[in-house]
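please work out how this folds:
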Amino acid sequence: MSEYITHIAVQEDTQRLALHADEICEAFKTCMRESPDAMRMGSASRGNSTFIIQNIHHFRDLWKERKPEDRLEDQLAYTLGWITHRAADRYFKPRYGIFDKNPENLHPVDIRIYHDVVMYDKVYGNGKNSPFSAGFAEENMQSHPAANQINVTQAEAIFGPLYQADFLALQSFDGVKSGKEFMNRMESQFATFTVDFKRLVNLVNNPVLEDMQQMIIAPNFYNDQDPIIKIARNIQLGESVEGMSMAEALNTEGQSQYAQTLSKAFNWIAEASKYFEYQSDKDMEGMYDAFNINDDQKIERY
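Residues are numbered from 1 along each chain as shown. Predicted coordinates:
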């Protein structure tokens, strides 16, 4: 998928804010603490509009009686990651459209990659902060200890299809009755790579100043001084947030695009938290509306 560093950054910063906030229920905080990888994976996965509300509605009835083998913490954490992904999509996708005049474009326009370039720097210290590494966006991962032992280009060509095959193995082929039908179905389900990772590597190391001005600086994509961003960074760095009001930070006018996205993601997690705790004035239909989920996306799940 595209802009996945940005999605993970939104998720992890929202998680930092949520763990610090009184209005987020303890069940959500438990999932965030115990299953951070599941939440991160949800933030970088598609399909959120289909199952978010159904999952929250279903899991709240199971929570108190859950057993370890249910892995409910993982499932709920994944769903919370979906919420942050959806919040980011609802904010950024209209802005991507400004730069993408082709509605059938399967390859991300540069603004998506530039968002990742900025997040890789601001949140992950150009690979110094987990889950990324210093060699992540280097040409041939040259600082990685293994880079001198193998041909990186050939390794990429081998491992890419292996990942595709793993995803394909998750697909169900029940009901397939012939070899031809099987091959057609496999071809239709085989995941294609729509993002050339080398584009990200190139723009991390060689950003075009004109593009940065147009896509990042002029629209105020990220501002270190935004209150909500300062709280998230302080928490990340283990610095004090005493005297920094979450409520004021969430409602400060004129913040950057990333700060507004964090506010949306946090508010949606808070809305889901109230619903999970049976404290919301919204029914399922109200939750669908709150999360901007259309009628054709309301698939019965349970």
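
how many neighbouring residues does Met212 have?
16 (other Cβ atoms under 10 Å). To be clear about C-beta, it is placed using only N, CA and C from the backbone, and glycine gets the same treatment.

and it, how far is that from Ile113?
Plainly put, Met212 is 11 Å away from Ile113 if you go by Cβ to Cβ, to the nearest Å.

for the stretch 151-300 of the chain, which spans come out with low pLDDT?
191-194, 295-300 (pLDDT under 70).

ranges for the helices of it?
Assigned helices in the stretch 151-300 of the chain, in chain order: 152-169, 179-189, 197-205, 209-212, 227-236, 246-251, 257-276, 284-290 (criterion: DSSP state H, counting those that start in this stretch).

need those in JSON lines with distance to Pro108, can you?
Output for the helices of the stretch 151-300 of the chain, formatted as JSON lines (distance: least, Cβ to Cβ, whole Å):
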{"stretch": "helix 152-169", "distance to Pro108": "17"}
{"stretch": "helix 179-189", "distance to Pro108": "22"}
{"stretch": "helix 197-205", "distance to Pro108": "8"}
{"stretch": "helix 209-212", "distance to Pro108": "14"}
{"stretch": "helix 227-236", "distance to Pro108": "24"}
{"stretch": "helix 246-251", "distance to Pro108": "29"}
{"stretch": "helix 257-276", "distance to Pro108": "17"}
{"stretch": "helix 284-290", "distance to Pro108": "28"}
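
ranking these by burial, who's on top?
When the helices of the stretch 151-300 of the chain are scored by mean count of other Cβ atoms under 10 Å, the highest mean neighbour count falls to helix 257-276 (a mean of 22).

can I get it in CSV? Just the C-alpha atoms.
Provided in CSV are the C-alpha atoms of helix 257-276 (Å, rounded to 0.1, in the frame of the first residue of the first chain):
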residue,chain,number,x,y,z
GLN,A,257,-2.5,18.7,8.5
TYR,A,258,-0.8,16.0,10.6
ALA,A,259,-2.0,17.6,13.8
GLN,A,260,-5.5,17.7,12.5
THR,A,261,-5.3,14.0,11.5
LEU,A,262,-4.0,13.1,15.0
SER,A,263,-7.0,15.0,16.5
LYS,A,264,-9.4,13.1,14.3
ALA,A,265,-7.9,9.7,15.0
PHE,A,266,-7.8,10.4,18.8
ASN,A,267,-11.4,11.6,18.8
TRP,A,268,-12.5,8.5,16.9
ILE,A,269,-10.8,6.2,19.4
ALA,A,270,-12.5,8.2,22.2
GLU,A,271,-15.8,7.7,20.4
ALA,A,272,-15.2,4.0,20.0
SER,A,273,-14.2,3.8,23.7
LYS,A,274,-17.5,5.3,24.9
TYR,A,275,-19.4,2.9,22.7
PHE,A,276,-17.3,0.0,24.0
